[in-house]
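A.B. asks: sequence-free structure coming up:
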C-alpha cells in the first residue's frame, strides 16, 4: 500500500528507522533480535525453526504457546478455536460467507472502506449480502452511527471492519446487534480489549499488530462454527482446521506471532497496550488540531488510533513533509495511493518515542513552512 | 509429517545437525547466515524485510529478482507467469479444478500417493475427475506405466504429483499425453530440469527445495490461463494474481526463496543440482541394495531421488537406527507415520556429506546389528 522510503541520512546501515508503515508494519526490535539469535540454530534442535516439520514437538510447542498467549491476553474460553491460516483477510472475505451465509438466508455488512467493500463483493458471490450501512458517499471519512443501520431480518451474522487503514477510521464501540459479529480486525487486532461474547468469528492478517505477513489468525467460536454449511472444499472449511493440523502451516510466521505476544505480555497485556495506544493517538491528534496547518481527514468521532491520516495545506507541502521526515529517519508516512496526504500508522510496536519525534517534526515543519 | 528429533549429544547449541526432514526441509546454511546478517536491518532501509510494505521498492525488487532467477534457471519464456501464493499445495488441489475443470468437461488424475488422492477429492467437488491410473492397490510403491493409463477423451488437463514424499516414488519421465500437464511439484521442484513446454501449470509449496513454509510458487502459462472459467472468487482466480499484486504476499518467505535461488545459481544451476542429487541418491540406494539388511520400500524403477524410503529387518531395529542416527547428529529420519521405517529426505539443500554420513552409519549399524 505504501512505499517504505529509504533513509537518506548517512547513518550506519544497522540504524533502525522510526517506521510508520501501514502494513506490513514495524515489529518490536527485541523480537527481531531474538529471531536473529535463533539463527541458524534454534535452541538445542540442531536446525532453525525454518527447517522443522510442522509435526515436530518444537513447532507444536510454539503453536500451543501462541494459542495460550492469545487465550490469556483476550480472555478466550475453551469455546474458542484459534487457527493459523493463510491467504490473508482477502481469502477470509470469501471463506466467511462460503461457510456461514446459508442458501436461503442473508448476512449484513457494514461498509466503511475498501476492505469491507471487497468483503461484500465476495459475499455476494455466495449469497444474499445486505449493506446495512455505508459511508462511501462521504469518502469513508466516518463510521455510520448505529441508529442509521438498516439490518436484515434473517441475517446469520453482521460483518464489519473494525479499523480502516486507508481512511483512518475505527469503530469505537462494539456493534450492538442481535446476531453474531464477524470482524475483520486485521489492523487493530490485539491493540485493545475485545468483548468476545458478541462475536462468532474474528480474523486478522498478522502483518499490522502481531507479526509478519504470511499468517492469518482466525478466532472462531464453537457454536458459530457448528452453523456452517456442509460439503465445503477441504481447505476452505473452518472445520478442517479446528479438527486437526491439516496441512503445513506458515511455521516461521507463527513462531514470530508467538514472540510478539510474549512481548505484549511483557508490556502488561492488552490493558497496558491500549493505554499506550491511547496516549500515542491523543498526542498526535492534539498536535494536528492545535493549529490550522494540519487537517485530520477522518471525522473526529471516528478517528482511528492505529492509522492517523492528515493533510498539509497543499500536496507540495505533503511531499516536502514526507521528505523532511525521511531526513530525520521517520519513514513510510505517505498516505494511501488513492487518498494522498500523510498517514502515520502507530500500531502496537510503534514506540511512544516515534510519535514524539513525529510531533516534534510537525512543530518544526509548521514553523518553517506555516 | 515427521518429528525432528532433538540432538542428544552434548554439543554446543549452535551446532547444525544433518537434517533429513521431509518438509519443511533443510535450508542452505549460507542462506540462513545471510538472513541473520540482515536482521534487524536490511541493507540501508532502516527496517528488516519483515516490516516493509509489499508495495515498497525493496519488496518489488526482491520479488522481481526471484522471478528472474526462476526464469533463468528453468528457461521460462514470457508466456509464463510466476506467482507467489499462499495456502500450500492443499489449496491448489481445489484452485486448479475451480479454474480449469469446465462444467461439461473433465480432467485426468494420476493417483500415486496421498497427495494426489487429496487433489482428486477436491477436483471431484468441482466436476468430472477421471482416475487415469493408480498404484493404491500396491500401497503406492510404484508409478503406473504409461501404457496402463486410461485417459479420458475430453480432459482439459492431466494432473500428477511428480514426487511422492511419503512413499518415496518419483516420475522419471514427463507424462506423455496430448493435453496440458498440471503438476504438483512440491517435493522435487527445482531439483532437476522441467520440460515446461508440456505443462499448463506447475505448483509447489516452497518448504522442500526452495524456501520455508508459507509460500506456494505457481507457474502458469498464458494460453492455459486463458482457458479458465469466469466469475471465480477473487482470491482463487489465478487471473487476479497474474494481473497485479492483489494483496499482501508472504514477504519473508519470498525473500528467502530469492536467496535459495541465488544459492542454486551459485552451485551451477539446475544441471549442477541434478548431478548432485543423482550422486546423493545413487550413493544411498547402492548402500541399501549392497546387502539384504536394508530394504527399499519403493519399486526400483520408481525410486525417488528426493525421499529415500527403506526398512530394517524389524521395527525394533528401525527405532534403534533412528536413535543411533540422532546420536551422530543425523535427524528427522523417521518414516511417515502411516508407513513407518526410515525416510531420508535428501532435497537440494542436503549436502553430499550428510548422505555420506548416513551411509557410514548404515555400514556401522549393520556391522553391529546385522
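C.D. replies: The structure has been received and is ready for your questions. The shown structure was predicted, so the numbers you read here are calculated from the model rather than taken from an experiment.
A.B. asks: who's in contact with the residue positioned nearest the centre of chain A?
C.D. replies: Residue closest to the average C-alpha location in chain A (CA atoms, centre = their mean): residue A:187, at 1.7 Å. For residue A:187, the contact set (CB atoms under 8 Å, 6 or more residues apart in numbering or on different chains) comprises A:22-23, A:162-165, A:208-209, A:306-307, A:347. For the C-beta atoms, the positions are set from N, CA and C on the backbone; glycine is no exception.
A.B. asks: can you tell me the helix or strand for it?
C.D. replies: Under DSSP states H and E, no helix or strand contains residue A:187.
A.B. asks: how near is it to chain B?
C.D. replies: To chain B, residue A:187 is 12 Å away according to CB to the nearest CB, to the nearest Å.
A.B. asks: need phi/psi at that residue.
C.D. replies: phi -100, psi 10 (degrees, to the nearest 10).
A.B. asks: which of the contacts of residue A:187 fall within strands?
C.D. replies: A:163-164, A:307 (DSSP state E).
A.B. asks: ok, which stretches of chain A are helices?
C.D. replies: Ranges of helices within chain A are A:29-37, A:57-74, A:88-100, A:114-126, A:222-225, A:238-243, A:251-267, A:270-290, A:315-327, A:352-369, based on DSSP state H.
A.B. asks: ranking these by burial, who's on top?
C.D. replies: Ranked by mean neighbour count, the helices of chain A are led by helix A:88-100 with a mean of 25 (mean count of other CB atoms under 10 Å in any protein chain shown).
A.B. asks: could you tell me the angle between that one and helix A:114-126?
C.D. replies: 30 degrees (axes from the mean of the first three to the mean of the last three CA atoms, to 10 degrees).
A.B. asks: show me what helix A:88-100 is packed up against.
C.D. replies: helix A:114-126, strand A:155-161, strand A:181-184, strand A:199-205, strand A:216-221 (3 or more CB pairs under 8 Å, 6 or more residues apart in numbering or on different chains; DSSP states H and E).
A.B. asks: make a markdown table out of these and add distance to residue A:85 and mean pLDDT.
C.D. replies: Compiled in a markdown table, these are given as follows (distance: least, CB to CB, whole Å; pLDDT from 0 to 100):
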| stretch | distance to residue A:85 | mean pLDDT |
| --- | --- | --- |
| helix A:114-126 | 16 | 98 |
| strand A:155-161 | 17 | 98 |
| strand A:181-184 | 13 | 98 |
| strand A:199-205 | 8 | 98 |
| strand A:216-221 | 5 | 98 |
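A.B. asks: can you redo those as a markdown table with distance to chain B?
C.D. replies: Output for these, formatted as a markdown table (distance: least, CB to the nearest CB, whole Å):
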| stretch | distance to chain B |
| --- | --- |
| helix A:114-126 | 6 |
| strand A:155-161 | 14 |
| strand A:181-184 | 13 |
| strand A:199-205 | 6 |
| strand A:216-221 | 9 |
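A.B. asks: returning to what we had before: and the helices of chain A as CSV, adding distance to residue B:318?
C.D. replies: Formatted as CSV, the helices of chain A follow (distance: least, CB to CB, whole Å):
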stretch, distance to residue B:318
helix A:29-37, 36
helix A:57-74, 19
helix A:88-100, 40
helix A:114-126, 48
helix A:222-225, 40
helix A:238-243, 29
helix A:251-267, 27
helix A:270-290, 48
helix A:315-327, 60
helix A:352-369, 56
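A.B. asks: could you tell me which residues of the stretch 51-200 of chain A lie near chain B?
C.D. replies: Applying CB under 8 Å from any CB of the partner chain, we find that the stretch 51-200 of chain A lies next to chain B at A:51-58, A:86-91, A:93-94, A:98, A:118, A:121-122, A:125.
A.B. asks: same list (the helices and strands packed on helix A:88-100) but as a markdown table, adding distance to residue A:70.
C.D. replies: Output for these, formatted as a markdown table (distance: least, CB to CB, whole Å):
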| stretch | distance to residue A:70 |
| --- | --- |
| helix A:114-126 | 22 |
| strand A:155-161 | 20 |
| strand A:181-184 | 15 |
| strand A:199-205 | 10 |
| strand A:216-221 | 7 |
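A.B. asks: which one of those lies nearest to residue A:37?
C.D. replies: strand A:216-221 (24.8 Å; CB to CB).
A.B. asks: residues of that closest one that come out buried?
C.D. replies: A:216-221 (16 or more other CB atoms under 10 Å in any protein chain shown).
A.B. asks: poorly predicted segments of chain A, please.
C.D. replies: A:1-13 (pLDDT under 70).
A.B. asks: domain assignment for it?
C.D. replies: A:4-34+A:269-369, A:49-266 (automatic domain parsing).
A.B. asks: the shortest one and chain B, are they touching?
C.D. replies: Yes: judged by CB under 8 Å from any CB, domain A:4-34+A:269-369 comes into contact with chain B through A:4, A:6-7, A:13-17, A:19, A:21-27, A:29, A:32-33, A:329, A:331-332, A:337.
A.B. asks: related to what we said a few turns ago, tabulate the ones in strands among the contacts of residue A:187 (CSV), appending neighbour count.
C.D. replies: As requested, these are arranged in CSV below (neighbours: other CB atoms under 10 Å in any protein chain shown):
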residue, neighbour count
A:163, 29
A:164, 28
A:307, 30
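A.B. asks: any idea which of these is closest to residue A:108?
C.D. replies: Closest to residue A:108, out of all of those and judged by CB to CB, is residue A:164, at 17.7 Å.
A.B. asks: tell me the bridge partners for that closest one.
C.D. replies: residue A:169 (DSSP bridges).
A.B. asks: show me what contacts it?
C.D. replies: A:112-116, A:140, A:170, A:187, A:304, A:307.
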